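Student: Any chance you could fold what I've pasted below:
(chains A and B)
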Amino acid sequence: MKPLYDLHGIRQEFGNRTVLDLPALTLESQRLYAVTGANGAGKSSLLQILAFLAQPKSGTLTFAGSAVETGSDLVALRRRVTLLSQSPYLLRGSVAENVDYGLRVRGIAAHERQSLVRLALAEVGLTDFSERRARALSGGEQQRVALARALVLKPEVLLLDEPCASLDSGSAARIEMILRQLPRRGTSVIFSTHDPQQGGRLGAINLHLAAGQIVSPPVIPPISLRQEKSPWLSVLTMQEA
Amino acid sequence: MDYLLTSLGAALSMIINLNHDVESAVWTSLYTSLVAIVIAALIGIPIGAAIALGRFPGRRLLTTLLNTLMALPTVVVGLVLFGLFSRQGPLGPLGLLFTPWAMIVGQVVLATPIVANYALAAVAGADPRILPTAMTLGAGRLRGTWLLIQEIRFGMMAAIVAGFGRVISEVGVAMMLGGNIRGTTRTMTTAIALETSKGEFAFGLALGLVLMSVALIINLFLNLLQED
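Tutor: Predicted structure coming up:
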């Protein structure tokens, strides 16, 4: 089976600063990948390139066996891959109109769109929100509308930039549950996260970025071990002694 | 004071009784301005959006030029187009001079830079996430730009209203290219100028009141839309 993405010598620069430097990276299809790293490590830049929204400064990118080049039909490629950004932009109008947009762009018939929108909203737990004004919803609800708007398109790849950052635990748990199921339904998932444990919780393959390069993720000791070694614990023990 | 009050009374009576000359001038003003603003919007909005979104050499110069064109004197536009449309002019055979269409062309020239500038500012100040959102949901460049324009429709509406305000209130183009012909090219503004100079102050006042009312109605309409 052809790899989903094949990146060779991909570099991205802003001004004189190199934000991404990936000599070789292969991502398989129908997997769940977690991209971790500190702020400015290159997570968003990588997702932008994988979403075909930004062109790397140099290097070659292959998607599902075909090279993505200057002359490539980017609109056709973008219809196979959807990016959900950290603070998604919701269109003026209702929740249903938002979820419907991508389907309309694809020229899908109105009656079919209606039922697809309904299903997608049910999936994210917003069945009764369809006629509500999208921008009047809470942050967590807006994130779920944006997720429904992406899911309804059944993309081959769903890219998510910090999907659970600044969400209440209920919304975050719901999104995590959906992400975990997606690879089995044929959608590969690549998401960035600040939470070093989120990838593990979802059974994702971890890609750790530091200064634009893939490095081994820092080993996080189990909580029990950390407690034993905690300096505070040592202080307490000394005081008791 | 009595003179003003008597004139105001006469003016209101002309409006209420639908004085034929008042009605004709109002109609000419409205339809020439409306046709002109539709054409100016169709030209100006894409120009403004293209300059705001494009990255090409000379972009800055073009923006400065567009800014300058906003201050284009109406009589200069009238003069140049008069030269083009007059019998000896290159567009003379079209027979447009002293017709509503000549006025419309002049008004399009006046309104387009205004619409384009306002559209440019609205697009440049739009949320930078709109285009990437449209693109990642599968829209092409053109469709994405259309979504952008829809999302900033209030800015676009302001562009159209500003352009409309310019053309419905101008005198130079209407006078020089229309010729102020009663019943065909006499607009509210040319009639006000002419009738007042003839001493028909009440008539001028009636048209002035209608002109102000049109501006008020358009702004009320815009406000209603914004509350939506």
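Student: For the most centrally placed residue in chain A, list each beta-bridge partner.
Tutor: When chain A is reduced to its mean C-alpha position, the nearest residue by Cα atoms, centre = their mean turns out to be residue A:160, at 1.6 Å. According to DSSP bridges, residue A:84, residue A:191 are recorded as the beta-bridge partners of residue A:160.
Student: show me the contacts for it.
Tutor: The neighbours of residue A:160, taking Cβ atoms under 8 Å, 6 or more residues apart in numbering or on different chains as the test, are A:47, A:83-84, A:179, A:189-192. The way it works is simple: take the backbone N, C-alpha and C, and place the C-beta from them, glycine included.
Student: Mark which of those are buried, thanks.
Tutor: With neighbours counted by 16 or more other Cβ atoms under 10 Å in any protein chain shown, the contacts of residue A:160 contain buried members at A:47, A:83-84, A:179, A:189-192.
Student: still on that earlier bit, looking at the contacts of residue A:160, which is nearest residue B:48?
Tutor: Comparing the contacts of residue A:160 against residue B:48 with Cβ to Cβ picks out residue A:83 as the nearest, at 28.0 Å.
Student: quick one: the closest one and chain B, what's the gap?
Tutor: Taking Cβ to the nearest Cβ, to the nearest Å as the measure, residue A:83 falls 5 Å from chain B.
Student: residues in chain B within reach of chain A, list them.
Tutor: By Cβ under 8 Å from any Cβ of the partner chain, the residues of chain B that approach chain A are B:127, B:129-130, B:132-140, B:143, B:147, B:150-151.
Student: Buried ones among those?
Tutor: Of the members of those, the ones counted as buried by neighbours, 16+ other Cβ under 10 Å, are B:130, B:132-140, B:143, B:147, B:151.
Student: Among the residues you listed, which are located in helices?
Tutor: B:130, B:132-136, B:143, B:147, B:151 (DSSP state H).
Student: Run through the chain and note the low-pLDDT ranges.
Tutor: In the absence of a named chain, chain A is used. Scanning chain A for pLDDT under 70 picks out the ranges A:217-241.
Student: actually it's chain B I care about, not the one you picked
Tutor: B:226-228.
Student: Go through it and flag its longest helix.
Tutor: helix B:20-53.
Student: In it, which residues are buried?
Tutor: Here helix B:20-53 shows B:21-22, B:24-26, B:28-29, B:32-33, B:35-37, B:39-41, B:43-45, B:47-53 as buried, counting by 16+ other Cβ under 10 Å.
Student: Mind giving me the packing neighbours of it?
Tutor: Applying 3 or more Cβ pairs under 8 Å, 6 or more residues apart in numbering or on different chains; DSSP states H and E, one finds that helix B:20-53 makes contact with helix B:59-70, helix B:100-124, helix B:141-151, helix B:153-168, helix B:188-197, helix B:201-227.
Student: circling back: got TSV for the ones in helices among the buried ones among the residues of chain B next to chain A, with distance to residue B:197 too?
Tutor: Listed next are those as TSV, based on distance: Cβ to Cβ, whole Å:
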residue	distance to residue B:197
B:130	51
B:132	58
B:133	57
B:134	55
B:135	58
B:136	62
B:143	53
B:147	51
B:151	48
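Student: Which single one of those is nearest to residue A:135?
Tutor: Of all these, residue B:151 has the smallest distance to residue A:135: 11.0 Å, by Cβ to Cβ.
Student: Next up, the contacts around the closest one.
Tutor: When contacts are counted by Cβ under 8 Å, 6+ apart, residue B:151 touches A:91-92, B:126-127, B:130.
Student: before we move on, the earlier item: any idea which of the helices and strands packed on helix B:20-53 gets closest to residue A:167?
Tutor: The stretch from these with the least distance to residue A:167 (Cβ to Cβ) is helix B:141-151; that distance is 24.6 Å.
Student: And that closest one, how far out from the chain middle?
Tutor: 24 Å (Cα atoms, centre = their mean, to the nearest Å).
Student: what's the angle between the longest helix of chain B and helix B:201-227?
Tutor: Inter-element angle recorded for helix B:20-53 and helix B:201-227: 40 degrees (by axes from the mean of the first three to the mean of the last three Cα atoms, to 10 degrees).
Student: how about the nearest residue to residue 40, chain neighbours excluded?
Tutor: Picked chain A for this. Nearest non-adjacent residue to residue A:40, counting by Cβ to Cβ, 6 or more residues apart in numbering or on different chains: residue A:19, 7.5 Å away.
Student: Please refer instead to chain B.
Tutor: Of all residues beyond its chain neighbours, the one nearest residue B:40 is residue B:111 (3.7 Å), with distances taken as Cβ to Cβ, 6+ apart.
Student: residues near the one you found, how many?
Tutor: The criterion is other Cβ atoms under 10 Å in any protein chain shown. On that basis, residue B:111 has 29 neighbouring residues.
Student: separation between it and residue B:24?
Tutor: As defined by Cβ to Cβ, to the nearest Å, residue B:111 lies at a distance of 23 Å from residue B:24.
Student: Also residue B:193?
Tutor: Going from residue B:193 to residue B:24 by Cβ to Cβ gives 16 Å.
Student: Check residue B:14 too.
Tutor: Residue B:14 sits 12 Å away from residue B:24, taking Cβ to Cβ as the criterion.
Student: Is residue A:206 in a helix, a strand, or coil?
Tutor: Recorded secondary structure, residue A:206: strand (DSSP: H, G, I helix; E, B strand; the rest coil).
Student: residues from chain A in reach of chain B?
Tutor: With Cβ under 8 Å from any Cβ as the criterion, chain A meets chain B at residues A:51, A:53, A:75, A:78-79, A:81-83, A:85, A:87-89, A:91-92, A:101-102, A:105-106, A:149-150, A:153.
Student: Show the buried residues in those residues.
Tutor: A:51, A:53, A:75, A:78-79, A:81-83, A:85, A:88-89, A:91, A:101-102, A:105, A:149-150, A:153.
Student: Sort out for me which of the residues you listed are in strands.
Tutor: With DSSP state E as the criterion, strands contain A:81-83 from among these.
Student: What are the boundaries of the strands in chain A?
Tutor: With DSSP E as the criterion, chain A has strands at A:5-14, A:17-27, A:32-36, A:58-63, A:66-68, A:81-84, A:157-161, A:188-193, A:205-210, A:213-215.
Student: any residues touching the fifth one, and which ones?
Tutor: Meaning strand A:66-68. Counting by Cβ under 8 Å, 6+ apart, residues outside strand A:66-68 touching it are A:52, A:60-62, A:72, A:74, A:77.
Student: For residue A:214, which residues count as its bridge partners?
Tutor: Checking residue A:214 by DSSP bridges, which sets the bridge assignment, gives partners residue A:209.
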